[in-house]
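J.: A predicted structure for the sequence below; I have some questions about it.
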Amino acid sequence: DSDPDRFDWLGSVTSVAEIFLIVFALLEAPHYGWTSPLVLGFLIGGIALVGVFWVIEMRIRYPLLDVALFGNRAFSAGSLSVMLQFFASFDVFFLVLQQLQLIFGYTALASAVALFPLIIGVGIFSLIGNWLAVRYHSLRFVLAAGVLLAGLGIVLMGAIHYTEYWMLAVFLSVSAVGIGLASAPSTTAIMQNTPLDDQGVGSAVNDTARELGAAIGIALAGSILAAGYSSRIGATADAAQAALSNPALGGSPERGAQAADGIRNSLAGATHVAGQLPPQASNLAQQITDGAQAAFTQPMHTSFLILGAVLVVGSALIAWLAPRRMVPLPTTPATATATATATAT
């Protein structure tokens, strides 16, 4: 900005507080319960602060964020698309990396390499998406189709129970095509519809949409997964505790309780407990492993279905919200000249 204004402390504090309350509520819901007064209070409070922040920014003389920018449909659609793309990406990272390492038995390096279909697909199709949107004046179609494909890929991960990596690679590729198609046009729509002196704000909105989408995506996926795992792992943990508390088998109540806590905490904890058992307890180790993997797999698929459904609904919203073109059609000769010059530049 050629003439920066006074810093908006009130808007800054309010924006941090609203995001903190919402993400905290999503993260702690599995521990306290979704109907807990704490979780509901934080969630409602965070949503209320979003409204407070909006009112502050509308009325303050020097706003941190000119919320009137969201009145531009291309700007709003681009921001929503960016948020949904990173919502999808980090959901996949969070869930699939655990699946690859703890169920498929891949090493950390092999798990990273196994994500190449997603990474390569996004890289290739991000080059195509912007060209399509500009060449065929199809911002609405490219954004909506991209987010829809990303959502369908994630829905397939939840709807189909697979045990082979190649099937996962196909689903990752479908999501990659969608995320890649929508990525560049989303940022272009944001920046082309931000005034020149507010380009820093436009860039910040783009980055904040990414971070917010990633944070909410991980929080939501983690909450669904943790709640589902906790509700299913009880029998396996109890059986392990009983076996490892038996002095006749060389166990103790302390050892049994410690093992049960590890099993209840997470699949990684259960895998660690099973790996620490001696060879003569191989049957118990297999029982723990099978029970923990079963308790993990079903909520993982549920997470994919819910998160994919969010993207499918989001694609419909983008189809309604986004204009056909990157830049709205000019309505006057003067505006037409200015728009043509800006677009050519």
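T.: Received it, and whenever you're ready, just let me know what you need. Numbering: from 1, shown residues only.

J.: how many neighbours does the closest residue in space to residue 24 that isn't next to it in sequence have?
T.: Nearest non-adjacent residue to residue 24, counting by CB to CB, 6 or more residues apart in numbering: residue 42, 5.4 Å away. To be clear about C-beta, it is placed using only N, CA and C from the backbone, and glycine gets the same treatment. A count of neighbours around residue 42, defined by other CB atoms under 10 Å, yields 22.

J.: Where does residue 42 sit, in terms of helix or strand?
T.: helix 37-59 (DSSP states H and E).

J.: Alpha carbons of that helix, in PDB - could you do that?
T.: Extracted C-alpha coordinates of helix 37-59, given in PDB (Å, rounded to 0.1, in the frame of the first residue of the first chain):
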ATOM      1  CA  PRO A  37     -21.000 -26.900  27.300                       C
ATOM      2  CA  LEU A  38     -17.300 -26.100  26.800                       C
ATOM      3  CA  VAL A  39     -17.300 -27.300  23.200                       C
ATOM      4  CA  LEU A  40     -20.600 -25.700  22.300                       C
ATOM      5  CA  GLY A  41     -19.700 -22.500  24.100                       C
ATOM      6  CA  PHE A  42     -16.400 -22.200  22.300                       C
ATOM      7  CA  LEU A  43     -17.900 -23.000  18.900                       C
ATOM      8  CA  ILE A  44     -20.800 -20.600  19.300                       C
ATOM      9  CA  GLY A  45     -18.500 -18.000  20.700                       C
ATOM     10  CA  GLY A  46     -16.100 -18.400  17.700                       C
ATOM     11  CA  ILE A  47     -19.000 -18.100  15.200                       C
ATOM     12  CA  ALA A  48     -20.300 -15.000  17.000                       C
ATOM     13  CA  LEU A  49     -16.900 -13.400  16.900                       C
ATOM     14  CA  VAL A  50     -16.900 -13.900  13.100                       C
ATOM     15  CA  GLY A  51     -19.900 -11.600  13.100                       C
ATOM     16  CA  VAL A  52     -18.300  -9.200  15.500                       C
ATOM     17  CA  PHE A  53     -15.200  -9.000  13.300                       C
ATOM     18  CA  TRP A  54     -17.300  -8.300  10.200                       C
ATOM     19  CA  VAL A  55     -19.100  -5.500  12.000                       C
ATOM     20  CA  ILE A  56     -15.900  -4.000  13.200                       C
ATOM     21  CA  GLU A  57     -14.300  -4.100   9.800                       C
ATOM     22  CA  MET A  58     -17.300  -2.500   8.200                       C
ATOM     23  CA  ARG A  59     -17.300   0.400  10.600                       C
END
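
J.: Would you indicate which residues of it are buried?
T.: 39, 42-43, 45-46, 49, 52-54, 56-57 (16 or more other CB atoms under 10 Å).

J.: Adding pLDDT and distance to residue 23, write those residues out as a markdown table.
T.: Shown next, in a markdown table, are the buried residues of helix 37-59 (pLDDT from 0 to 100; distance: CB to CB, whole Å):
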| residue | pLDDT | distance to residue 23 |
| --- | --- | --- |
| 39 | 91 | 12 |
| 42 | 94 | 9 |
| 43 | 93 | 10 |
| 45 | 95 | 12 |
| 46 | 94 | 8 |
| 49 | 95 | 12 |
| 52 | 95 | 17 |
| 53 | 94 | 15 |
| 54 | 93 | 19 |
| 56 | 93 | 20 |
| 57 | 91 | 21 |
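
J.: of those, closest to residue 246?
T.: Of all these, residue 246 sits closest to residue 39, with 38.6 Å by CB to CB.
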